[in-house]
Structures are given as C-alpha cells and as structure tokens.
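K.L.:
Give me coordinates for this.
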Amino acid sequence: MPGIGLSLFSKTSYDYLIYYSGSRYEALNGNTGDIDYTHVNDGAVVLNSAITAVSSAGGGIIQIRGTILCRSSVIIKDIVIIKGAAEGASIKLDSAINLTGALVDSFNFATLTGLGVTGGVHHVYIENLTIDGNRSNNTTIPTIGLRYYGYNWHLNNVHVKECHGIGHYSEWATDPVNPVTGGATMNSYYDAFVVNNCDGIGWHMRGPHDSQIVNCAIYSCASKAMLIEYVAGVYDGSCEMTQMHIWDCQDYGIHTKGGNLRFRGLTCESIWGPSGTGLVQEGSTVTGVNYEAYLCAKGLLIISGGETLFSGSFIHDNTSSGVEIYKNNVIIDGVITGNGAKGIIVGSSSIQVANVSLRGYIYGHTTAQIDWGNSTNKGISGNVIMYMDSTHQTGILNESTIDLNTNSFTYESFADGTGVRALGGRPLTSAAGAKSPFAKKFGQLYVGHNIVVTDGLYQNVNQTIAATFVPDQWEGITAQYNTGTTTGTRAGLNSAASGIVTLFTRTSYPSKKTHLKASNTGTRFYGGFSSLTAMPVTDTPLGNTDSGVIVGWNSTDVNIKIYRNDGTAAPPTATDTGIVKPANFWTYEIVSDDINGTFVVNIVSGATLYTTTLTTRVPSSTTRLATYDIIENTDAVNQTLQIDSAILESRFIQ
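P.N.:
The predicted structure follows:
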C-alpha cells in the first residue's frame, strides 16, 4: 500500500515507523515507503506485526512517533530496536482496557517463567520511550507495564509509569555461563530508567543476573520500590547499580531476598507504611559505598544472608532507628544521626550476632546511640564517636552486658555540658572523666608476640618469670603463669614478697580491670587491692588488721566471692556473688570513689553480670594499697592463670 512517500523518506534510519494517522495506526516501511500494517484502534497489532517482521529478518529498528494506544500486549522478540522518534513517544494502555499480563511483554513469557531455562528473548534495545499503564482508567486487573524473560536487554531513557500492577518485571536463569544464543553476555543494561506511580512493586528484579543499572530512579509506588530475588536453579536478580534514587514508596525502598546487590551511590528516602525501611537485606549479599537513607521509619535493616559492607553511609532523620543488625559478618562506617530512638541496634534478646565492625559518628538519638541488644554478641569491633546532650544522654544501651572476653569495641563520647558521659556502664564526674595525663595516670599489661608488656603503673609490678604464651580462639595470645607442682606456690602478678609496690591510696581513685582465666579446682585465686606486702598462701586473703578489696576464691569456695576489710581488727567480710568459679575467660573490675567512701565491683562471666557497691568495711582514704592477680595451688599439681589484659588507672599517685 502506498505510504507517505519516498520523497519524504528516501533515506531512513528505521525499518518501520509506527504512528497514528488520525484514523488508524500505521507501520511505514522505511525501506520501501509502503504502509505495511494498519489497525483502526489497537496500536499493539501494528507494533507486533512490525516486530515480527524485523525479528524474522535478523533484526531491525522500529521507531515510534507520538502515543500508540494499545488494547492488547506488545510482544517483543529477538534482535529488535524500539526507539521513540521524539519527545512524547509512548506505548499506552487504552482507556477501560483491563489487560491481563503485561502491556509490553516478551515472546513466550508464560512458557518460560519459573523454569530456569537459558533461553528467552535477547538483544533488545528500547530507547527514548514511555510505557504508560494508564492506571486511572484501568483499575480492575493489575497489568504490568514492562515484563520480559530473557537477557541482554538495553533500556536507555525509558520511563515506565502509571501501572495498576508492577511497573517492571524481569527474569532469567541462574546459569553462570554466558548464553550460546546471540553470542553475548546474560547481562541487561539500564541507563536513565525510571519507574513511578505504580500500584504494585516498582521493579521486581529476578534477572538476568549481573545486570548493570546506572542513573535510575523509582518513586511514588504503592508497594516496594524494588524487590531483588534469587531462587537456586530458577532465577537470579543479582545486579550492580550506580546512582540509584528511590523515594515515596511503601514498605521497602530495596528488598534483597537472595543473590547479590552491589552499588555505588544509593539513596532511599521517604519510604512509608508500617515497615517503612530504606533497604532490607534478607538472605542476600550486599556491598556498596555511599548509601543514604532518610525520612523513612528505619534506614537499614540487616536480617540474614552473606557479607554486608556499607562504606561511607549517611543514615539520618529516620523516625524509628538508623541501622538494625540481626546477622553476622557486617561492616558499616559513616554518619548515623537523628534517627528517632536508636542509632544502631546490634542483635536482640533472641538473636546473637558476631563479626560486626562499626566505625563512624553516631549522635542525636533519644534512647541510645547504640543498643547492645544481646549480651552474648561476639566479635564486635570498631571505633565510633558519640555525642550526647541533655535529650540524647545514653551512649550504649545495655553497655554493662558487653562481654569483654569476646568483643573489642571502643568508643569516644563527647558531651555538651548537659549530657551524661559514661564509661563501662558507670556515670563519670568531670574529674573522673578527665583525659589529661596530668589529671590521672594509667598502666596496662598486654601480651605481644612471646612477650608480656607492662607500662605505666604496671611497670614495677612483679611477675613470675614462668610466664608462657598460650593462644586462645577469641583472645589471641595470652600470658600463662604456672605454679608448678610444689604445693602452696603462688604465680601471677605480685606473686612473691619482693617487688611489692603499694602505689595507691583511696584518695587517688584507683581502679583496675583484669581479663583472665584461672584453674578453678585445687586453687585459690585472689585479685584486687590489698595493704599486704605479700599475699598469704592461705584461705584468708585479708587478715583482721589488713585492708583491701579482693575478688576471687579460696580452696573451699564454690562461687566467686568479694573479700573486704578496713583494718579495724575485725574479721574480713566475704560476699558470695552467686557466680560459679568460671572455667573460661571472665572479667572483674574494681573502681574506688573516695568522696563517697565506696568501691564498686563489676564481674562479667559469660552472659552473667554482677555488680555491687561496697559502702562499709572498705579501705580508708589514707591506707596504701598494692595490686594483685595471683593463683595458688593447694595440691602438688601445676595450676595456671591466663591473663589477656590488665588495666590500672589513678587520678594521681599519693
């Protein structure tokens, strides 16, 4: 049939031009100038005829001018390029047509989906085109805007909008080998791809895996913006995105359920509804840089899956929480601020997590900057800075339950003068919190490679020379002190009469913390402060005229006890903590408070925390005290004391 005329189209860049002539839809053959296909009211019929023609001929270009109203599905086939001829080119669902399936679909989708086969439609290019579901006039059936089963699709400057169902659905097999058909990779490529104003999921991504997504956006959808899914042997939505912006969608910005998500520049904002979470990792691996989430209920929810890495994150101004971590193997660094009640939640009462690294700046949360959700969390490390003021006073919620046996987590807290600073679960006065070396002194024992290093206040504390070096699964190399097989031998710190250094009085606010493991049968263990210049090899660590606070046990004790005396010629007081003598590493801490005349004792053994404030029968302000951590054997058996680290602090030395 004669067309518009070869005089106007003597040299064309397309095989077919699809347009509405005013009375019908036409397909102009760009090679002959003929009108090859027409239809009065369904543009999809004309488009499908042109698509079949160019695909059968080994591929070609189809241009669309203006709006093509469709009453049936447009079916895409192999090796086809569909381009908008100018601004405003669109494929649009006709009014009052409730179309089952998809407005734009791939050939044989129904026979391929869910089978995990490596076939499907391939080498498809769609450019400069809008796919419009016309949802205001189609409210009965949830029609999908664009759907395909296949690989090597290229979508550039494509806008899918106003769908009563899902905006975009894609799927392909999990096979890691490149497809044979077409001689190309399985990847699809999306550039400036936009989905918005859909009643279903914005983008349901089930493949092809390793697809590249660049400069794309999803917004104003009534369900999740993007759902990424993987099922072994069936489909794999793993993808890589650069500069993705998501906003104003319900429940989740991105929900990754299996597979891998890699990103560089991802923003999720204003995600609403009961869940309202920027990104959810569930059963997947997620790695990326520059993640920003704000104006959601939660910024980031990490539930399950493989590795997690968020670098350079900015998670702020969400209403409930910033980051919630309920799985192992997580690394997060960045700024977490102003997220309602809690900044970062690490585990819960029923979920223990391990191997988590946190680094960055956390502030502006009303309940806690960090919620230590499970006392048995292990392998939590990192260094964070927290800022508190009068309405954001708590640094770490449940800080006293942190098990120092299995975690290496450090932080620096700053307050603006109205906030309460805390260290190790204890409020600090301005004097006790001073950091200047002129305000207090410090000493530490730690273990290097086949060496015990003592510095500061520990430098002159005597050790036995029988220390050996024993590796531990969690602690690394530890210093082990051995009694040998001679009954009544002491081993450890200040384990002999010589070298006793009575450094402290209570007015210097001494405190000490030791992380240790001691043989608990046929032994005595004594650790703490004492006025004695030699710890006795007896079941009475403090005599009637001695002063001190000692944590440990004698040969008849079943539990850890706290012995104390004030040197007033009365028998010492022993408090049973109820903690059975540990077989594994445990920690004790003794902190003096001269102005109140008290000593606070904290003991952590596994998930058990014991704390008490001693107000009576404690050393006086002027009694000089030495420090001890020793083990004694009560039979002819070698007994051991392993020390991972020991810390001494004092505001000044009297």
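K.L.:
Show me where the stretch 251-400 of the chain dips below the pLDDT cut-off.
P.N.:
Screening the stretch 251-400 of the chain residue by residue with the criterion pLDDT under 70, one finds no matching range.
K.L.:
need the strands for it, in chain order.
P.N.:
Along the stretch 251-400 of the chain, the stretches classed as strands by DSSP state E, counting those that start in this stretch are 260-269, 272-282, 284-294, 298-302, 305-316, 321-325, 330-337, 342-346, 354-363, 368-372, 378-388, 396-397.
K.L.:
which residues sit against the shortest one?
P.N.:
Read it as strand 396-397. For strand 396-397, the surrounding residues in contact (C-beta atoms under 8 Å, 6 or more residues apart in numbering) are Lys342, Thr367, Ala368, Gln369, Ile370, Asp371, Trp372, Ile402, Tyr411, Ala422. The way it works is simple: take the backbone N, C-alpha and C, and place the C-beta from them, glycine included.
K.L.:
Likewise for the fifth one?
P.N.:
Residues outside strand 305-316 that contact it (C-beta under 8 Å, 6+ apart): 256, 258, 260, 278, 281-294, 299-300, 302, 322-323, 327, 329-339, 360.
K.L.:
Just the angle for that strand relative to strand 330-337, thanks.
P.N.:
Counting by axes from the mean of the first three to the mean of the last three C-alpha atoms, to 10 degrees, strand 305-316 points 10 degrees away from the direction of strand 330-337.
K.L.:
What is the distance between strand 305-316 and the centre of its chain?
P.N.:
Computed by C-alpha atoms, centre = their mean, to the nearest Å, the separation of strand 305-316 from the middle of its chain amounts to 6 Å.
K.L.:
Okay, now the sheet partners of that strand, with direction.
P.N.:
Paired strands of strand 305-316, with direction, are strand 284-294 (parallel), strand 330-337 (parallel) (DSSP bridges).
K.L.:
just the first one next, same as before
P.N.:
Strand partners for strand 260-269, identified by DSSP bridges, are recorded as strand 239-247 (parallel), strand 284-294 (parallel).
K.L.:
wait, doesn't Ile332 sit right on Val323?
P.N.:
Yes - because the distance of 6.3 Å satisfies C-beta atoms under 8 Å, Ile332 is recorded as touching Val323.
K.L.:
Pull up the overlap in contacts between these two.
P.N.:
What both Ile332 and Val323 touch, as defined by C-beta under 8 Å, 6+ apart, is the set Leu300, Ile344.
K.L.:
Just want to know which of those two has more residues nearby.
P.N.:
Regarding Ile332 and Val323, a neighbour count based on other C-beta atoms under 10 Å identifies Val323 as having more, with 28 against 25.
K.L.:
tell me the contacts of the more buried one?
P.N.:
Val323 sits next to Gly299, Leu300, Ile302, Ile315, Ile332, Ile336, Gly343, Ile344, Ile345 when contact means C-beta under 8 Å, 6+ apart.
K.L.:
How about it: which residues does it bridge to?
P.N.:
Residues in beta-bridge contact with Val323 (DSSP bridges): Leu300, Ile344.
K.L.:
who wins for neighbours among the contacts of strand 396-397?
P.N.:
Of all those, Gln369 has the most neighbours under the rule other C-beta under 10 Å, reaching 29 neighbours.
K.L.:
which stretches of the chain form helices?
P.N.:
Counting by DSSP state H, the chain has these helices, from start to end: 43-56, 109-112.
K.L.:
Contacts for the last one, please.
P.N.:
Counting contacts by C-beta under 8 Å, 6+ apart, the residues outside helix 109-112 that touch it are Gly101, Ala102, Gly119, Gly120, Arg147, Tyr148, Tyr149.
K.L.:
Show me what counts as buried in it.
P.N.:
Burial within helix 109-112, assessed by neighbour count using 16 or more other C-beta atoms under 10 Å, is assigned to Phe109, Leu112.
K.L.:
who touches the nearest residue to Lys224 once chain neighbours are set aside in this structure?
P.N.:
Excluding its sequence neighbours, the residue lying closest to Lys224 (C-beta to C-beta, 6 or more residues apart in numbering) is Tyr252, at 4.5 Å. Remark: with contacts taken as C-beta under 8 Å, 6+ apart, Tyr252 is in contact with Lys224, Ala225, Leu227, Ile271, Ser275, Thr277, Gly278, Leu279, Val280.
K.L.:
Centre of the chain to stretch 379-396, how far?
P.N.:
Centroid separation between stretch 379-396 and its chain, computed with C-alpha atoms, centre = their mean, is 17 Å.
K.L.:
Stretch 273-292 too?
P.N.:
Distance of stretch 273-292 from the chain centroid (C-alpha atoms, centre = their mean) equals 9 Å.
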